[in-house]
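>>> Generate coordinates for the sequence data below:
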Amino acid sequence: MKTIHSTEPILDFCNGLKNGEYMVNRDYQRSDKVWPPNAKSFLIETIVLDYPVPKLSLHQNLDVKSRKTVKQIVDGQQRSMAIQEFYQNKLRLSRTLATERLRNKTFEELDEEDQATFLNYGLNFDIFVGATVDEVREVFRRMNSFTIPLNPEETRHATFQGPFKWFINSLSKQYDTAFSEVGVFTPKQLTRMADAKLLTEISHAIEHGITTTSASSLSAMYKAHDNDFPQEEVMRQAIESAFDLALFESDIAGTPLAKPLNFYALALAYVHVGGHLRIPGEFDTPDAPSFEPGDRLFNLSLLADALEADSPNDASREFAAFALAAKDRTNVAAQRKVRFEFFLEAISV
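Okay, the predicted model is just below:
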């Protein structure tokens, strides 16, 4: 078997699909699930913005009777079909794309510059020449053996393609710079989608209340909204309003309040008082006489000081429960609820 690496403009690739030079071999299709419009739109946006996309793999065969070489698409079939649909003006891009000029556009409705970028974009291929079917399968077995295992967040985003996945994806893109600058996540954590997990947990709490979450419960959120997500707009408004306050106006950068477990509770407190949605459940009011009415930043600084004590026992008595809830069993509903109640009191008094 010989492997050839090549690059071809989308224009030539689409013409090749039309002329039968490239063919889809369904035997290699890993999933029968067709990409929804949001997934296709994200791919086209990636191409028009000239970001790299994964290479496609082709199995080249010689048809002796027709004396033609046919390349079967063995990896990248969904990408190929999305590209072809857009090229043929059969795909209208999503209204929710991050790039405003591309929203709700077909190919012929793009600016000429964007059309040219799309058509000239170089797709990268691995072409397997003279290979048997078993050898092609062996290629992917070996490739997968060198791949870093996906974490639960990456698995969810590879599995689901519905509106909730793209809702989380757009919020991640919107706030990843702020998350890094404030100190909620490191760049490495962002590359492994820690922000997607936090956003999913916050969305889960908005819908179901503050609970102990797990990989299965978060995946269930994606599954429940894989076909429709009627709450998307109001939840987006609630999260954006809360994050604008929590990230940009609460002065938490470099403090323990920026840690994901505390940001989770602080963001939910802002959601609760923001007027768009309220967190389901009943909550207690902690006894915190040191809080100053109307001085949110001062009150948050008191909570930050309590977390900077050497141990929860060193925190002042009124904030000891808060400090303890931020130390142990941080994913458990009871501790999350305590942190939420203190944050809610701090920003509400």
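
>>> From Leu49, how far out is Ser217?
Going from Ser217 to Leu49 by Cβ to Cβ, to the nearest Å gives 34 Å. All C-beta spots, glycine's among them, are computed from the backbone N, C-alpha and C.

>>> just Gly130 next, same as before
Counting by Cβ to Cβ, the gap from Gly130 to Leu49 is 37 Å.

>>> Which parts of the stretch 1-150 of the chain are strands?
2-9, 22-24, 56-63, 68-75, 122-129 (DSSP state E, counting those that start in this stretch).

>>> Please give me every residue in contact with His276.
Counting by Cβ atoms under 8 Å, 6 or more residues apart in numbering, His276 makes contact with Val234, Gln237, Ala238, Ser241.

>>> Let me know the closest of those residues to Leu300.
Ser241 (17.3 Å; Cβ to Cβ).

>>> pretty sure the closest one belongs to a strand, no?
No. Using DSSP: H, G, I helix; E, B strand; the rest coil, the assignment for Ser241 is helix, not a strand.

>>> quick thing: my sequence starts at 564, can you match it?
Renumbered: residue one is now 564, and that last one reads Ser804.

>>> ok, it touching Ala830?
No. Using Cβ atoms under 8 Å, Ser804 is not in contact with Ala830; the gap is 10.1 Å.

>>> So for those two, which residue has more residues nearby?
Between Ser804 and Ala830, counted using other Cβ atoms under 10 Å, the more crowded position is Ala830 (27 against 17).

>>> Give the buried residues for the helix or strand hosting the more buried one.
Here Ala830 sits within helix 823-837, counting by DSSP states H and E. If you call a residue buried by 16 or more other Cβ atoms under 10 Å, then helix 823-837 has these buried ones: 823-835, 837.

>>> what does stretch 578-592 give?
Those would be Leu580, Tyr585, Val587, Asn588, Tyr591, for stretch 578-592 by 16+ other Cβ under 10 Å.

>>> Identify the residues contacting the third one.
Which is Val587. Counted by Cβ under 8 Å, 6+ apart, Val587 has contacts Gln635, Ile636, Gln640, Ser643, Met644.

>>> quick one: which of these has the most company?
Ile636 (22 neighbours).

>>> what about Ser743, neighbour count?
Neighbours of Ser743 (other Cβ under 10 Å): 15.

>>> how far away is it from Asn667?
31 Å.

>>> Low-confidence stretches in the stretch 564-713 of the chain?
591-596 (pLDDT under 70).

>>> Next up, the contacts around Glu671.
In this structure, Glu671 makes contact with Asn652, Gln678, judged by Cβ under 8 Å, 6+ apart.

>>> Tyr650: neighbour count?
Neighbour tally, Tyr650, other Cβ under 10 Å: 20.

>>> Now the residue of the chain most remote from its centre: phi and psi?
Distance from the C-alpha centroid of the chain, by Cα atoms, centre = their mean, peaks at Lys628 (47.9 Å). Per-residue torsions, Lys628: phi -60, psi -50 (degrees, to the nearest 10).

>>> gap between it and Arg642?
30 Å.

>>> all helices of the stretch 764-912 of the chain, in order?
Here the stretch 764-912 of the chain has its helices, by DSSP state H, counting those that start in this stretch, at 778-787, 795-811, 823-837, 859-870, 883-888, 896-911.

>>> Format these as a markdown table; extra columns: distance to Ser766 and mean pLDDT.
Output for the helices of the stretch 764-912 of the chain, formatted as a markdown table (distance: least, Cβ to Cβ, whole Å; pLDDT from 0 to 100):
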| stretch | distance to Ser766 | mean pLDDT |
| --- | --- | --- |
| helix 778-787 | 7 | 95 |
| helix 795-811 | 6 | 96 |
| helix 823-837 | 10 | 96 |
| helix 859-870 | 23 | 94 |
| helix 883-888 | 22 | 92 |
| helix 896-911 | 15 | 96 |
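
>>> Would you convert the ones you listed into a markdown table that also reports distance to Ser620?
Shown next, in a markdown table, are the helices of the stretch 764-912 of the chain (distance: least, Cβ to Cβ, whole Å):
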| stretch | distance to Ser620 |
| --- | --- |
| helix 778-787 | 28 |
| helix 795-811 | 35 |
| helix 823-837 | 37 |
| helix 859-870 | 50 |
| helix 883-888 | 50 |
| helix 896-911 | 45 |
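
>>> that older thread, among the buried residues of stretch 578-592, which two are most distant?
Leu580 and Tyr591 (16.1 Å).

>>> hmm, back to that, let's have the strands of the stretch 564-713 of the chain in CSV, adding distance to Val699.
Output for the strands of the stretch 564-713 of the chain, formatted as CSV (distance: least, Cβ to Cβ, whole Å):
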stretch, distance to Val699
strand 565-572, 11
strand 585-587, 14
strand 619-626, 5
strand 631-638, 6
strand 685-692, 6
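
>>> closest to Ala884 out of those strands?
strand 631-638 (53.7 Å).

>>> Run the angle between the closest one and strand 685-692 for me.
Angle, strand 631-638 to strand 685-692, by axes from the mean of the first three to the mean of the last three Cα atoms, to 10 degrees: 110 degrees.
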